[in-house]
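> build me a structure from this.
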Amino acid sequence: MITYYSIKADCSWASGNETGTLFNLRKALAYFPQTSNDQTQPVDSLQVIIRLYKFSYELLKPTSTTNQISERTESRDDTNNLEKLPVLIKASEWLTLALNELDSHSWPSLVSEALMADHQRMDEIHGSTSELKVKIIRALAYSFLEAASIETGDQRDELQRKGEQALEEALINCPSQALWLRKIQILTKRKIMGSELRTAVKEVLKTAPFNQELINKLMAVSHNLPEDRQVFFSKILNACVIKEDPIERGLGDPAYYSIVAYSVSSQKSTNKKRNQSKSSARDSFTNLPSHDLSDESKFQFLKDTADQAILANSEFRLGSDCAFMSQTMIWHRGDQEYKKMRFDSAAKWYTFGTHAIFLETKEVTFTKLARKAALSWVNHGNYELARNSLRNLTPQGYNEAGTHFLSFMIDSAQGNELPAIQAIDRLINSLDFKPETLLYAAQQANSRGLQNLLHHILQKTLESTSGANGAHFINGLDMVILLRSLIRIDLSNLAVPHRNRANDEQRILQHYKAAKEMLIQSQEARAIQVSFKDATWLWKTAFNTCVSATEDWPEDLVFEFFGLTADLISLTRKIPTSLEEAQALTRHEIHCRFACLAGGMTQALYGDRDDYHRQNNLEQPLLTSIKQLKRLSKDAQDIGSSSDLNFIEKLNKIRSCLTVWEFEIYSMGNDWEAIRFFMKELEINQESQAFISTQVTQSIAEVACQDASLPTELLIFVLEHVMMIADRQREKSIDSRSRWLRLLIDLELSINSDEGALRYSNQALQLLQRYPEDYPSDEASWILAKSWDRSIDLYSSHNILQSKLWCEMSLKWMELVVGGRAYEDMMNRHYRDLLKLTSTLDTHEPLL
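Numbering: from 1, shown residues only. Just a heads-up that it's a prediction; the model follows:
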């Protein structure tokens, strides 16, 4: 009978007889067997419930299509709604009957088997009875809620309650994006952003697909929340921020733009738009809420939203279009505050325009916003915040003249002369610099009584408008007089206690550098005439400053100053003068260059060796200085008086240091070929150069031995030439020579050169025989032990001939070394064994 009435119900539905369809389905339900065990319920019984859902679904289809059309056209036809209401009520009754009947039984997953019997219009229904129940509940929620939206009578609240109850049950059993959107639509009609709505928004943003359509629906729904719409937008933005897909992250841009549009509107403009909000487009993202909030609260909410977005995802950025439009509104709001002379409020708006969330447009907009913020803070009197506004500029914006002039205004207003001077320097070096700007800067410094700053600005003005490198030429300006005046001021400042000496030291150094450039120009371009007297005054004051600076100035600066003084002396020497004055200048230049070179060598030798190698060509300036100083020393010796023994002695000490330093530079630079050439030249010229003393050769040998990167063959080469040079020196150091020979023996053995090692062992033996009292006993004992050990090792490896040679060497050392006789018997036995083996070497070669 169940099958019979089911077929009749299908026929009634096919003929359009809905009443007959329901009647036949109720008759079929009445024939359901009421057994104690529903697990045996046949499949055709479940088909009756499926038919109830199917026919209800067909009833609801036209109403759903009509709703979609009215949403797109934004029209509402009351006549159509009245026609839909009975259909919705009828569908809800059928679905309620299906749900009650399904709940009265507990069947296993027989739905799929039942659905297999009906292939035509049931493709969307599959799975277990629990899934069928969820589908019925979802359809029931739709019918109740749609009916409640149309019903105007007493039943409306009851329909709404049932619809919401069904919706909640559907969300619990099988949540989906459509269900959450339906719930959000219901909750937003309450006009309050409660916790339930917050949860629903949070959940729907977790569903898939996460696309523009979902965001548009949420943005449209937000119009029902005039007081909390910006909070609603922030929830959308927060969900987009954490997405990994860049496209999904970009979906939050309209939400944040809407927050910006809301925040930048003042209370007056908000009140003007209240009456317009009802007639605005339904899908407008920028329709502002109608309630009043203070401007400060709006700004704080805008800033907090941006901060939270960056905190959630440090790489999040608004798209360039959205960022630019948002910054444009922020700029206009800042201008409004600036015109009203509310400089602190204007500065906050301009500063917010440089937030990290707008980084996509940083190169275009950040510089102007930051500079306008700094100017606002300057006008407000808060110079520290003005300075902070300029710290996050782009490199291009930071190097513009406007930025540097703002820095100057900030520092000069605070009385910070050194930063203001640095700002002037940067201002001059900027590409868009105009010399006329310095005149206004000079007025600012003069009005504030900043004499050092004024002095610096006037100097820079002079440099920018005169001389060979200036943009303009001022007729009648004497650079020499100006520089002498500046240097005198610097010297007087250095004599004043409790001053910022670092500032004075750098300043006088720069002025002497300017004097050097002036001397160069006077000799090359002939643009400035400098007399010998003026040049002499310059280098003498520089030399005296160097001498006094050695006690308390930083070492780097002192060494640089000595080098600068040497350059001044060198340029002065080119001015025609007497021979006696030329000799004095040469000696002073040697002393200054040696002091400068000593500083550079100290830094190179005692600094980080790896860091030295990472700096390409770092040794080249040192080598240039060494060679220059060597030429100067030779010239001084050639033109100097041979009776001045004191100067010649000093000169020889300097040349000795230069020789060792040159070798050290080659060693640090791993220039092996230069080391070979240097040692050959040193040996050839040793006799004609008296400054190559025993101390020089010992220092070179020590440097070579301490260089772990020096190749073994090259180290042997160096030590050989050191000994050759030492042989021709008057002073003999037996201790040093014995140590070098021991090192050579060890090095030759490290490369398996027994021949070389035996040669040096023999040389050491001869040295011991010649100087038995001066030869170190530990060195002699080492060679004795080494030769004996080497003989044993070679014997073990069947190298009889070499073993014999080393044994003979050990026997010779045994006779000369104190205590060596204790090993005589053992060595003699070993030697006799070796003699026997060598005598039969040819006949028993296979045994070896």
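> what helix or strand is the spatially closest residue to Gln529 that is not a sequence neighbour on?
Closest residue to Gln529 apart from its sequence neighbours, by CB to CB, 6 or more residues apart in numbering: Ser522 at 6.3 Å. No exception for glycine: its C-beta is placed from N, CA and C like everyone else's. Using DSSP states H and E, Ser522 sits in helix 501-524.
> check which helices and strands that helix sits against.
helix 417-429, helix 451-465, helix 479-495, helix 532-549, helix 555-573 (3 or more CB pairs under 8 Å, 6 or more residues apart in numbering; DSSP states H and E).
> any residues touching whatever helix or strand Ala726 lives in, and which ones?
Applying DSSP H and E as the criterion places Ala726 in helix 712-727. For helix 712-727, the surrounding residues in contact (CB atoms under 8 Å, 6 or more residues apart in numbering) are 672, 675-676, 679-680, 682-683, 686, 692, 694, 697, 700-701, 704-705, 707, 710, 732-733, 736-737, 740-741, 743-744, 747-748, 750-751, 756.
> same question for stretch 493-508.
417-418, 421, 452, 456, 487, 490-491, 545, 549, 552-554, 557.
> which of those count as buried?
Taking 16 or more other CB atoms under 10 Å as the criterion, what is buried in those is 417-418, 421, 452, 456, 487, 490-491, 545, 549, 553, 557.
> and these as a markdown table, adding distance to Arg317 and pLDDT?
A markdown table is the format used below for those (distance: CB to CB, whole Å; pLDDT from 0 to 100):
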| residue | distance to Arg317 | pLDDT |
| --- | --- | --- |
| Glu417 | 40 | 90 |
| Leu418 | 37 | 91 |
| Ile421 | 38 | 93 |
| Asn452 | 45 | 81 |
| His456 | 42 | 83 |
| Ile487 | 53 | 82 |
| Asp490 | 50 | 81 |
| Leu491 | 55 | 83 |
| Thr545 | 54 | 87 |
| Ala549 | 52 | 81 |
| Trp553 | 49 | 83 |
| Leu557 | 45 | 87 |
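> and of the helices and strands packed on helix 501-524, who's closest to Phe405?
helix 417-429 (5.8 Å; CB to CB).
> so which elements touch the closest one?
Using 3+ CB pairs under 8 Å, 6+ apart, helix 417-429 sits against helix 401-414, helix 436-447, helix 451-465, helix 501-524.
> what's the angle from it to helix 501-524?
Angle between the axes of helix 417-429 and helix 501-524 is 30 degrees (criterion: axes from the mean of the first three to the mean of the last three CA atoms, to 10 degrees).
> can you list the buried residues in helix 417-429?
Buried-residue list, helix 417-429, by 16+ other CB under 10 Å: 417-424, 426-428.
> likewise stretch 730-739?
Across stretch 730-739, burial judged by 16+ other CB under 10 Å covers 733-734, 736-739.
> shouldn't Met352 be in contact with Gln327?
Let me fix one detail, which is that residue 352 is Phe and not Met. No - using CB atoms under 8 Å, Phe352 makes no contact with Gln327, being 9.3 Å away.
> tell me which residues of the helix holding Ser522 come out buried.
The neighbour-count check on helix 501-524 (16+ other CB under 10 Å) flags 501, 504-505, 507-509, 511-512, 514-519, 521-522 as buried.
> any idea which helix or strand comes after the helix holding Ala726?
Of the helices and strands lying after helix 712-727 in sequence (DSSP H and E), the nearest is helix 734-750.
> that next one - contacts with which helices or strands?
Using 3+ CB pairs under 8 Å, 6+ apart, the elements in contact with helix 734-750 are helix 694-706, helix 712-727, helix 754-770, helix 777-796.
> could you dump the second one to PDB, C-alpha only?
Meaning helix 712-727. In PDB, the C-alpha atoms belonging to helix 712-727 read as follows (Å, rounded to 0.1, in the frame of the first residue of the first chain):
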ATOM      1  CA  THR A 712     105.600  26.600   2.900                       C
ATOM      2  CA  GLU A 713     107.900  27.000  -0.100                       C
ATOM      3  CA  LEU A 714     107.600  30.800   0.100                       C
ATOM      4  CA  LEU A 715     108.400  30.800   3.900                       C
ATOM      5  CA  ILE A 716     111.500  28.700   3.100                       C
ATOM      6  CA  PHE A 717     112.500  31.200   0.400                       C
ATOM      7  CA  VAL A 718     112.100  34.200   2.900                       C
ATOM      8  CA  LEU A 719     114.100  32.500   5.600                       C
ATOM      9  CA  GLU A 720     116.900  31.600   3.200                       C
ATOM     10  CA  HIS A 721     117.200  35.200   2.000                       C
ATOM     11  CA  VAL A 722     117.000  36.500   5.600                       C
ATOM     12  CA  MET A 723     119.900  34.300   6.500                       C
ATOM     13  CA  MET A 724     121.800  35.500   3.400                       C
ATOM     14  CA  ILE A 725     121.300  39.100   4.500                       C
ATOM     15  CA  ALA A 726     122.200  38.300   8.100                       C
ATOM     16  CA  ASP A 727     125.500  36.700   6.900                       C
END
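> quick one: average pLDDT of stretch 523-541?
Over the span of stretch 523-541, the pLDDT mean works out to 82.
> likewise stretch 329-337?
On average, stretch 329-337 scores 93.
> flag every buried residue along it.
329-331, 333-334, 336-337.
> tell me which of those fall in helices.
329-331, 333-334, 336-337 (DSSP state H).
> how about low-confidence regions in the stretch 401-550 of the chain?
Counting by pLDDT under 70, the ranges of the stretch 401-550 of the chain that qualify are 462, 465-478, 482, 485, 498-499, 525-527.
> relative to Leu564, how far out is the nearest residue to Thr550 once chain neighbours are set aside?
Leaving aside its sequence neighbours, Thr550 sits nearest to Val558 (CB to CB, 6+ apart; 5.6 Å). From Val558 across to Leu564, the span is 11 Å (CB to CB, to the nearest Å).
> which element, helix or strand, includes Thr354?
Thr354 belongs to no helix or strand, assigned by DSSP H and E.
> change the start of the numbering to 47 and stick with it
Will do, 47 is the new start, and the previous item becomes Thr400.
> now do the same contact list for it.
Applying CB under 8 Å, 6+ apart to Thr400 gives the contacts 408, 411-412, 415-416, 419, 438.
> kindly report the same for Trp828.
Here Trp828 is in contact with Arg788 (criterion: CB under 8 Å, 6+ apart).
> domains in the protein, by residue range?
Under automatic domain parsing, the residue ranges defining each domain of the chain are 47-220, 459-523, 525-622.
> could you give the mean pLDDT of the longest one?
Domain 47-220 comes out with an average pLDDT of 59.
> show me what the helix or strand encompassing Leu668 is packed up against.
Here Leu668, judged by DSSP H and E, is contained in helix 665-685. Counting by 3+ CB pairs under 8 Å, 6+ apart, the packing neighbours recorded for helix 665-685 are helix 625-652, helix 691-714.
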